[in-house]
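# sequence plus the predicted model coming up.
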There are 2 protein chains.
Amino acid sequence: MFAGVEAGGTKFVCAVGRNPEDIESLIEIPTSDPASTIRAAADFFRSFDQSRRRLAGLGIGSFGPLDLDPGSPRFGQITTTPKPGWQNVDMLAEFRTALELPTVVETDVNAAAFGEWVWGSGQGLAHFLYVTVGTGVGVGALVDGKLLHGEHHPEMGHMYLPLSPNEPDSFAGICPFHQGCVEGLASGEAIMKRWNTKLCDLPDDHPANELEADYLATFFSNMTFVLQPQKIIVGGGVMNERLLQSTREKLLKKIGGYRASLGNRSAIDDYLVMPGLENRAGVLGAIALARRNS
Amino acid sequence: MFAGVEAGGTKFVCAVGRNPEDIESLIEIPTSDPASTIRAAADFFRSFDQSRRRLAGLGIGSFGPLDLDPGSPRFGQITTTPKPGWQNVDMLAEFRTALELPTVVETDVNAAAFGEWVWGSGQGLAHFLYVTVGTGVGVGALVDGKLLHGEHHPEMGHMYLPLSPNEPDSFAGICPFHQGCVEGLASGEAIMKRWNTKLCDLPDDHPANELEADYLATFFSNMTFVLQPQKIIVGGGVMNERLLQSTREKLLKKIGGYRASLGNRSAIDDYLVMPGLENRAGVLGAIALARRNS
């Protein structure tokens, strides 16, 4: 039995189990201050650990930015997040101290990518991306069978994109750091800021749909040119079947035949897909990381 | 002794030697039709091989796109290049047959990145980019100590970028595949199309300088967010000291403090640098690849 936490800005999803078909228990804890939130998560795992079978390890997929440099004295800490109270929280040490289990920490999106690799739409691939389009935009990447980290973990959601010809006048995005990055233009928060509602609550012919597909297709084209993955798996609260279809259509045009194997719609349909683990890729990925670490 | 070819669209640079301080001979052959160009290069190496010391291997850093999938029947071939006559040329087989040497082929930019890694500005790094801004824009990448290949070799020069606020009206770039990609907007060919001259022949206060720095800084910000390299090495015919300085200034602002270690100008000065091997990174990288392959 392994423990997994998907530590997000709005909730911590905590689960105990072995794989997607064998999850003993799963809870969601609203994210409040660090001490209360981590205590609630640890209490859930501890009660499980004491009353039932033993836990062999914990995996954490966390929001960030995180220090993931194994040589750094701050390894495992959240660093400069704008989220009040969460700067410099030592996710790794807090959970390790609370639970005394072998503990591994990754970015939320890399954990989700790992989950998709082990049990989802990324099985058997050497190179793929897991993209979440939700409150923010994040990407986890597998390159040559390894989770991608450079000198710092990637922050691909901050890529600057061309403004869509469908963009209403003078919207500059909602990212406080970068005017015109994909998170600023295409996240759930950006949609809410433009139209005061969620994409799924807007009618099919609302311009928000085409605008969102424009940005995602441009972003996925760029990611294709840089990392040349075998698949792009896209999930998150903003994604839906309608948006997936229109994004595929635009992606085919934007790649423009430049990768021969992506030159027709049926190839694009296999290339840009939804997560096999649906909205549980993050927490299941955390369990998969715990298992690998034990 | 090793042989290296930097096979470009305008010339083939051919050299024989062991390292940057021990180059026995170097010639440049104008790129004409494939048969004549490859024959001229092979003749140079063959004459050397027969009359002086033996060659132990050949490395080729070639323009593309190339098929670099080791499992493909077309491995080592140029594929869909718009360059007349060069479609489907089998670089690997042609040179192997002509010279009967152990032969290795890579993209031109990955070869240059490898050269910079072994002898240039990338020494000792695990993650860095080599960018050339010349007739086109290309990027070779080292990730975790390995040259980056996904399902296909990267084509990072085709990344779509936001139009610069300094862009003259209605210029859509010169790329036939992608309206608004960095190669289309910021390559030497794009500069020539806009102003009918080279950047280095324009005065310091010409708007071309700021425009070029805008695009390169945006591109390098995006590459930073995706691959998080330790350094970006930038060469090619368009680069010069003045452009490097203004690009650094803009890059600092565009990263916007989002990677803490790149939050000041002196860090950016160490991060964005010129090639240690100057304009010989490509051919020296080809020699380094031949050496590793032998």
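Arrived safely.
# okay, CA-based contacts and neighbour counts for the rest of this
Noted.
# run through who's touching stretch A:210-227.
A:143, A:159, A:161, A:164, A:166-167, A:182, A:185-186, A:232, A:243-244, A:246-248, A:250-251, A:254-255, B:148-150, B:154-160 (C-alpha atoms under 8 Å, 6 or more residues apart in numbering or on different chains).
# and those, which of them are in helices?
A:182, A:185-186, A:243-244, A:246-248, A:250-251, A:254-255 (DSSP state H).
# from the residues you listed, which are also near chain B?
With C-alpha under 8 Å from any C-alpha of the partner chain as the criterion, the ones in helices among the contacts of stretch A:210-227 include A:254-255 near chain B.
# ok, and the most crowded of the ones in helices among the contacts of stretch A:210-227?
residue A:185 (31 neighbours; other C-alpha atoms under 10 Å in any protein chain shown).
# hmm, stretch A:85-94 touching chain B?
No - using C-alpha under 8 Å from any C-alpha, stretch A:85-94 never reaches chain B; the gap is at least 13.4 Å.
# what about that stretch, start to end distance?
With C-alpha to C-alpha, to the nearest Å as the measure, stretch A:85-94 spans 15 Å from end to end.
# what sits up against that stretch?
Counting by C-alpha under 8 Å, 6+ apart, A:33-34, A:38, A:74-81, A:103-105 sit against stretch A:85-94.
# between those residues, which is nearest chain B?
Among the contacts of stretch A:85-94, residue A:80 lies closest to chain B (C-alpha to the nearest C-alpha), at 8.4 Å.
# so the closest one sits against residue A:65, correct?
Yes - here residue A:80 reaches residue A:65: they are 6.3 Å apart, a contact under C-alpha atoms under 8 Å.
# neighbour count for those two, which is higher?
Using other C-alpha under 10 Å as the criterion, residue A:80 and residue A:65 rank with residue A:65 on top: 21 against 17.
# contact partners for that one?
Taking C-alpha under 8 Å, 6+ apart, we find residue A:65 in contact with A:78-81, A:153.
# from the contacts of stretch A:85-94, keep the buried residues only.
Neighbour counting by 16 or more other C-alpha atoms under 10 Å in any protein chain shown classes A:34, A:38, A:74-81, A:103-105 among these as buried.
# what's the closest non-adjacent residue to the residue of the stretch 101-250 of chain A found nearest chain B?
Among the residues of the stretch 101-250 of chain A, residue A:162 lies nearest to chain B; the distance is 3.6 Å by C-alpha to the nearest C-alpha. Closest residue to residue A:162 apart from its sequence neighbours, by C-alpha to C-alpha, 6 or more residues apart in numbering or on different chains: residue B:162 at 3.6 Å.
# surely residue A:140 touches residue A:146?
No - applying C-alpha under 8 Å as the test, residue A:140 and residue A:146 come out as separate, 10.7 Å apart.
# more neighbours: these two, which one.
residue A:140 (27 against 12).
# assign that one to helix, strand or coil.
strand (DSSP: H, G, I helix; E, B strand; the rest coil).
# next one: residue A:23
Going by three-state DSSP: residue A:23 is strand.
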